[in-house]
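Asker: Mind folding the following:
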Amino acid sequence: MTRLLALAVVLGLTSTALAQVDGSLGGGEYPAALATQDTPTGFGDNFSELNQAFGQLNANGSLNLLLTGNLEAGGNGLVLFIDGPAGGAISTGSGGSVVAGDGTTPDTRLEDFGVIGSIGGARSDDWGTDTDGGDGIMPTAGGSVLDPGFDPDYALELNIFDLDGGDGVVDYFINIIDLTVPNSDNQPNKDIFLGQHVLDSGSSVVQTYTRDSGATPSGTIEHAFNNTNAAGVNGYDGGTPPGPLGDPTTATTGLELTINGVFLDFADEVKVMAFITNGGGDFLANQFLGEDQGVAGDDNLGGPGIPGGDVLFDARVYPGNQFFTVTGASLPGDFEPDGDVDEDDLNMYVSRIDNPIASGDEKLDLDNDGDIDTDDRKLHVTNLLEWSNTGNGQSGKGTLLADFNRDGAVSLVDLNALGASFGINDGSALFSQGDASGDGNTSLVDLNAIGVGFGQNVFTAPSAPAVPEPASLVLLGLGGVALIRRRR
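Answerer: Next comes the predicted model:
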């Protein structure tokens with residue numbers, strides 16, 4: 001993702017308080033709305049509608065998101081396409097390729113628009129080249145066309161059912177679809193059931209997204225859904241279309257989420273496309289939330305051929321972006337904040353690891369497991385800590401555990417840094433002094449980290465430094481220890 005300048009930090013603005021995940025809009029929880037509905041709902045007033053989107057990225061890399069509105073029980077789906085990590089579902093894009101159209105689009109060239117390939121999901125697969133809902137590929141005339149710059153990695157599918165047959169307790173259910181893999185039997189992450197929770201409970205639940213048939217935890221999602229909205233947009237008037245809009249700003253309840261940074265790969269910005277569909281995913285409502293506009297008063301989009309040609313959805317039919325972008329007052333990992341992610345931020349872990357979380361320190365819990373430990377510090381180094389190399393002019397975020405001088409590589413410079421501070425054992429050692437493990441000390445554990453990473457780098461192009469032979473590396477490590485002992 002392209003790094004954004006933290007303008008709020010530069011201007012001295014303060015961050016919004018962390019949102020309480022309860023399915024309702026509280027005062028001061030979010031900045032201004034990121035998207036507002038412009039079309040009355042074709043799926044029934046206060047049955048299935050999207051009114052506004054609110055969101056923010058926090059210093060720990062997590063995403064807070066609130067979509068106000070309703071979802072009808074019985075199968076209709078609320079779907080979120082999420083673009084955070086690198087890569088995505090787009091299989092075709094850029095250039096002069098042609099997709100089928102119905103004449104409503106003046107130019108059928110893709111240009112910078114993207115086309116989705118084969119994807120899974122009961123309510124997502126029809127956006128791609130596989131429409132039968134099963135594992136086999138049933139191709140369409142082509143995948144749906146998305147706006148330039150939007151390449152989603154995941155889909156969250158949500159629906160509501162009363163499984164107990166009218167006992168008054170209704171649950172909602174969430175599935176996560178990895179849009180970067182095709183819809184086939186050998187892709188265990190194509191469609192994973194995250195879990196369920198009681199609708200309108202006023203409380204949230206935290207659930208872990210586990211990939212590879214449950215073997216790989218890949219982040220947590222906290223969620224709550226308050227489906228009691230009685231305000232917002234009106235129903236679509238087919239007699240005198242589209243009819244009065246209503247007031248989408250009056251809706252204050254709906255689906256609320258906190259997605260932690262591990263799931264999002266600690267992206268600096270996250271783009272979201274939110275829409276409502278039927279249970280099969282092959283008939284779209286007219287409820288989209290885009291940062292520019294929705295579908296501009298159209299009736300339900302329906303299935304393929306209505307109105308964007310032979311594909312389910314064609315972003316070229318609608319002006320502006322059909323997604324909204326979430327950023328934060330500071331960069332993920334910029335705990336101070338001061339506009340960059342450096343050792344000052346990393347050093348905040350010193351004295352806080354394995355101690356009770358004090359008020360205001362929740363942002364250091366990057367894996368959202370309820371404590372601050374060396375796992376969080378490692379995530380900060382490998383995903384967020386900024387590095388810069390004057391030799392090749394490259395820079396980026398996320399480096400190696402033994403890159404003590406933050407130049408994107410592990411070399412003799414880092415060994416010397418450890419050598420100069422070797423033997424600190426009071427818990428006060430800093431990263432720049434050679435504390436790779438995060439235990440606050442400099443010891444053989446850190447020397448071993450240099451041995452593991454020596455000669456490696458995070459550059460985008462081949463690097464000049466040669467990697468020593470294993471035997472030479474052992475001798476190098478022994479020589480470093482001997483040097484340390486002589487200094488003492």
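Asker: drop to CA atoms for contacts and neighbour counts, all remaining ones
Answerer: Fine.
Asker: can you map out the helices along the stretch 301-450 of the chain?
Answerer: Counting by DSSP state H, counting those that start in this stretch, the stretch 301-450 of the chain has helices at residues 343-346, 374-379, 412-421, 444-453.
Asker: any idea how the chain splits into domains?
Answerer: The chain is divided into the following domains under automatic domain parsing: 7-326, 343-487.
Asker: Any idea which of the helices of the stretch 301-450 of the chain gets closest to Ala251?
Answerer: helix 374-379 (37.0 Å; Cα to Cα).
Asker: other SSEs contacting that closest one?
Answerer: Helix 374-379 is packed against no helix or strand, with contacts defined by 3 or more Cα pairs under 8 Å, 6 or more residues apart in numbering; DSSP states H and E.
Asker: gap between that helix and the chain center?
Answerer: In this view, helix 374-379 has its centroid 19 Å away from the chain centroid, taken as Cα atoms, centre = their mean, to the nearest Å.
Asker: Same check on stretch 24-38?
Answerer: Put simply, stretch 24-38 sits 19 Å off its chain's centre (Cα atoms, centre = their mean).
Asker: Where does pLDDT dip in the stretch 301-450 of the chain?
Answerer: Low-confidence segments of the stretch 301-450 of the chain, defined by pLDDT under 70: 304-310.
Asker: Would you map the strands across it?
Answerer: Assignment of strands within the stretch 301-450 of the chain using DSSP state E, counting those that start in this stretch yields the ranges 324-326, 386-388, 395-397.
Asker: Now render the ones you listed as a markdown table, adding mean neighbour count and distance to Val262.
Answerer: As requested, those are arranged in a markdown table below (neighbours: other Cα atoms under 10 Å; distance: least, Cα to Cα, whole Å):
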| stretch | mean neighbour count | distance to Val262 |
| --- | --- | --- |
| strand 324-326 | 20 | 17 |
| strand 386-388 | 21 | 17 |
| strand 395-397 | 18 | 15 |
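Asker: Any chance of TSV for the helices of the stretch 301-450 of the chain, columns mean neighbour count?
Answerer: Rendered in TSV, the data for the helices of the stretch 301-450 of the chain read as follows (neighbours: other Cα atoms under 10 Å):
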stretch	mean neighbour count
helix 343-346	19
helix 374-379	20
helix 412-421	19
helix 444-453	19
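Asker: Any idea which of these gets closest to Gly393?
Answerer: helix 412-421 (17.7 Å).
Asker: wait, Ile116 sits on Asp126?
Answerer: No - contact between Ile116 and Asp126 fails when scored by Cα atoms under 8 Å: they sit 9.9 Å apart.
Asker: quick one: which of those two has more around it?
Answerer: For Ile116 versus Asp126, neighbours defined as other Cα atoms under 10 Å are more numerous around Asp126 (30 against 25).
Asker: what about the more buried one, distance to Gly360?
Answerer: Taken as Cα to Cα, to the nearest Å, the spacing of Asp126 relative to Gly360 amounts to 44 Å.
Asker: Thr220 now?
Answerer: Counting by Cα to Cα, the gap from Thr220 to Gly360 is 20 Å.
Asker: Over to Leu65?
Answerer: Counting by Cα to Cα - Leu65 and Gly360 are separated by 21 Å.
Asker: Looking at those two, which one has more neighbours?
Answerer: When neighbours are counted by other Cα under 10 Å, Leu65 comes out ahead of the other of Leu65 and Gly360, with 23 against 8.
Asker: if I've got this straight, that one is in a strand?
Answerer: Yes - with DSSP: H, G, I helix; E, B strand; the rest coil as the criterion, Leu65 is part of a strand.
Asker: List the beta-bridge partners for it.
Answerer: For Leu65, the beta-bridge partners are Gly55, Leu257 (DSSP bridges).
Asker: Could I get the contacting residues of it?
Answerer: Contact criterion Cα atoms under 8 Å, 6 or more residues apart in numbering gives Ala53, Phe54, Gly55, Gln56, Glu256, Leu257, Thr258 as the residues in contact with Leu65.
Asker: Number of residues surrounding the last one?
Answerer: Thr258 has 25 neighbouring residues, counting by other Cα under 10 Å.
Asker: Give me the pLDDT value at the residue nearest to the spatial centre of the chain.
Answerer: When the chain is reduced to its mean C-alpha position, the nearest residue by Cα atoms, centre = their mean turns out to be Leu264, at 3.2 Å. Per-residue pLDDT puts Leu264 at 92.
Asker: Am I right that it is in contact with Gly84?
Answerer: Yes - the pair Leu264 and Gly84 qualifies as a contact (Cα under 8 Å) at a distance of 5.5 Å.
Asker: Strands of the stretch 1-150 of the chain, residue ranges please.
Answerer: According to DSSP E, counting those that start in this stretch, the strands that the stretch 1-150 of the chain contains are 35-36, 49-57, 63-70, 77-83, 90-93, 114-116, 145-146.
Asker: Lowest average pLDDT across those strands?
Answerer: Across these, strand 90-93 gives the lowest mean pLDDT, at a mean of 70.
Asker: now Ala230, what's its secondary structure?
Answerer: Looking at Ala230 with three-state DSSP, the answer is coil.
Asker: From Gly254, how far out is it?
Answerer: 11 Å.
Asker: ok, Thr68 - contacts?
Answerer: Applying Cα under 8 Å, 6+ apart, one finds that Thr68 lies in contact with Ser24, Leu50, Asn51, Gln52, Ala53, Asn229, Ala251, Thr252, Thr253, Gly254, Leu255.
Asker: From Gly438, how far off is Asn425?
Answerer: As judged by Cα to Cα, Asn425 and Gly438 stand 12 Å apart.
Asker: swap in Ala59?
Answerer: Following Cα to Cα, the distance that separates Ala59 from Gly438 is 20 Å.
Asker: Near the nearest residue to Asp344 once chain neighbours are set aside, how many other residues are there?
Answerer: Nearest in space to Asp344, with sequence neighbours left out and distances taken as Cα to Cα, 6 or more residues apart in numbering, is Glu336 at 7.7 Å. When counting by other Cα under 10 Å, one arrives at 16 neighbours for Glu336.
Asker: can I assume Glu336 is in contact with Leu346?
Answerer: No - between Glu336 and Leu346 there is no contact under Cα under 8 Å: 9.9 Å.
Asker: Dihedrals phi and psi, the residue nearest to Asp344?
Answerer: Comment: the main-chain dihedrals of Glu336 come out as phi -60, psi -50, following degrees, to the nearest 10.
Asker: Quick check: it vs Gly235, distance?
Answerer: When Glu336 is compared with Gly235 (using Cα to Cα), they lie 47 Å apart.
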